[in-house]
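Engineer: Everything below, folded, please.
(chains A and B)
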Amino acid sequence: MQNDRLIIAGREFTSRLLVGTGKYKDFAETKKAIDASGADVVTVAVRRVNITDRSKENLLDYLDPKKYTILPNTAGCYNVEDAVRYARLARAAGVSDLIKLEVLGDERTLFPDTAGLIEAAKILVKEGFIVLPYTNDDPIVAQKLVDIGCPAVMPLAAPIGSGLGIRNPYNLKIIMEMIKVPIIVDAGVGTASDAALAMELGADGVLMNTAIAGAQDPIAMAEAMKYAVYAGRLAYKAGRIPRKLYATASSPIEGML
Amino acid sequence: MAESIQIQVNGEERACRADATVGGLLRELAIHPERVAVELNLEIMDRKDFDHRSLRQGDRVEILGFIGGGAPVDAQGLGRGVVYAK
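Structural biologist: Below you'll find the model as predicted:
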């Protein structure tokens, strides 16, 4: 497993767990949780700088961009125009062309607007962005995103922040079998077993925020997720036994009295 | 003393010197230029132009940076997922 790296658009990552930085109590807790998670890739949002209270600390004081790959998102964007605008701002504020593209369709579910997502992805790929799209668990949309030039696809497990876990393992499995780029299961994970299941299905990585930040002890949960993703990956590579309805004895009958 | 102009910064009205540049505004606000994106009248600026572009009456400046985020959050900082159980 030592050389089992996650590779997205030529960039190599040791950890297959990607984490968000929202919803933490403070930056110190954010940093501790991210350290405990072992993640290389951390997502951030783009927002107006607070110009009235400049004493406020900056997230990047805690997350060294040399140590982590900063993945800005277009969270909160409900149309193509906004998502493209935020992606361009993220590139102008940051150091890379990476963007986690979200075009949301509805406030209650935060489900992606896949038509808008495809349109925005086309524009951004043309502009040289490395587009990692947050999408539905729809294999056809996933394939379209790959055809556009997205180097990875990030289908949801369940609604963002819901903690419902893997709601449609069969669709996710079809995506993993059909799609030839890395699949990162993004959103909906609630606890360690959900992350392990995603990896056992064959996901190349899992991205989460609320499951860690919202836990009673975020730092302990971050560590749990690290092991869950690792264990799930190992189990996937090891190849599980088939499910059978009846028992198969593990001990030989030969030599019995 | 240069005369004063009115501009808008992140949605708020603000007075600044008529000969001020975007870079000067960032320094006045104690904002590290390497960590932000500046949108001037809806056009994203190149960092190397910050010190060359003078501010004009009525300019709308947006200064954006990275904050903690992963999933969208509401005003209370809470996710909007439906709660089935505590």
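
Engineer: The helix or strand harbouring A:Ile175: what's the following helix or strand?
Structural biologist: Using DSSP states H and E, A:Ile175 sits in helix A:169-178. The C-terminal neighbour of helix A:169-178 among helices and strands, as given by DSSP H and E, is strand A:184-186.

Engineer: Just give the nearest non-adjacent residue to the residue nearest in space to the middle of chain B, would you?
Structural biologist: By CA atoms, centre = their mean, chain B has its centre lying nearest to B:Ile63, at 1.6 Å. Spatial nearest neighbour of B:Ile63, chain neighbours left out: A:Val49 (4.7 Å); criterion: CB to CB, 6 or more residues apart in numbering or on different chains. Backbone N, C-alpha and C define where each C-beta goes, glycine included.

Engineer: hmm, back to that, what residues of the helix holding A:Ile175 count as buried?
Structural biologist: A:Asn171, A:Leu172, A:Lys173, A:Ile174, A:Ile175, A:Met176 (16 or more other CB atoms under 10 Å in any protein chain shown).

Engineer: Per-residue pLDDT of the closest residue to chain B within the stretch 51-200 of chain A, please?
Structural biologist: Per CB to the nearest CB, A:Gly161 is where the stretch 51-200 of chain A lies closest to chain B, at 2.8 Å. A:Gly161 is assigned 86 on the pLDDT scale.

Engineer: Pretty sure B:Gly68 sits against A:Lys23.
Structural biologist: Yes. If you go by CB atoms under 8 Å, B:Gly68 and A:Lys23 touch, sitting 7.3 Å apart.

Engineer: pull the helix or strand with minimum mean pLDDT from chain A.
Structural biologist: Ranked by mean pLDDT, DSSP states H and E, the weakest helix or strand in chain A is helix A:59-62, scoring a mean of 83.

Engineer: so A:Val41 makes contact with A:Pro72?
Structural biologist: No. Using CB under 8 Å, A:Val41 is not in contact with A:Pro72; the gap is 11.3 Å.

Engineer: residues of the longest strand along chain B that come out buried?
Structural biologist: If you go by DSSP state E, chain B has its longest strand at strand B:60-68. For strand B:60-68, burial by neighbour count (16+ other CB under 10 Å) applies to B:Val61, B:Glu62, B:Ile63, B:Leu64, B:Gly65, B:Phe66, B:Ile67, B:Gly68.

Engineer: can you pull up the bridge partners for the second one?
Structural biologist: This means B:Glu62. Taking DSSP bridges as the rule, B:Glu62 bridges to B:Glu39.

Engineer: OK, contacts around it?
Structural biologist: Counting by CB atoms under 8 Å, 6 or more residues apart in numbering or on different chains, B:Glu62 makes contact with A:Arg48, B:Val9, B:Asn10, B:Val38, B:Glu39, B:Leu40.

Engineer: which residues of the stretch 151-257 of chain A fall in strands?
Structural biologist: Ranges of strands within the stretch 151-257 of chain A are A:154-155, A:184-186, A:205-208, based on DSSP state E, counting those that start in this stretch.

Engineer: Look up how far B:Val36 lies from the residue of the stretch 51-200 of chain A closest to chain B.
Structural biologist: 28 Å (CB to CB, to the nearest Å).

Engineer: Among the two, which residue is more densely surrounded?
Structural biologist: Taking other CB atoms under 10 Å in any protein chain shown, A:Gly161 and B:Val36 do not tie; A:Gly161 has more neighbours (29 against 24).

Engineer: Surely that one and A:Thr210 touch.
Structural biologist: Yes. Counting by CB under 8 Å, A:Gly161 touches A:Thr210, with 4.3 Å between them.

Engineer: for the stretch 51-200 of chain A, which spans come out with low pLDDT?
Structural biologist: A:54-56 (pLDDT under 70).

Engineer: Tell me where chain B has strands.
Structural biologist: Listed in chain order, the strands of chain B (DSSP E) span B:4-9, B:12-17, B:37-40, B:43-44, B:60-68.
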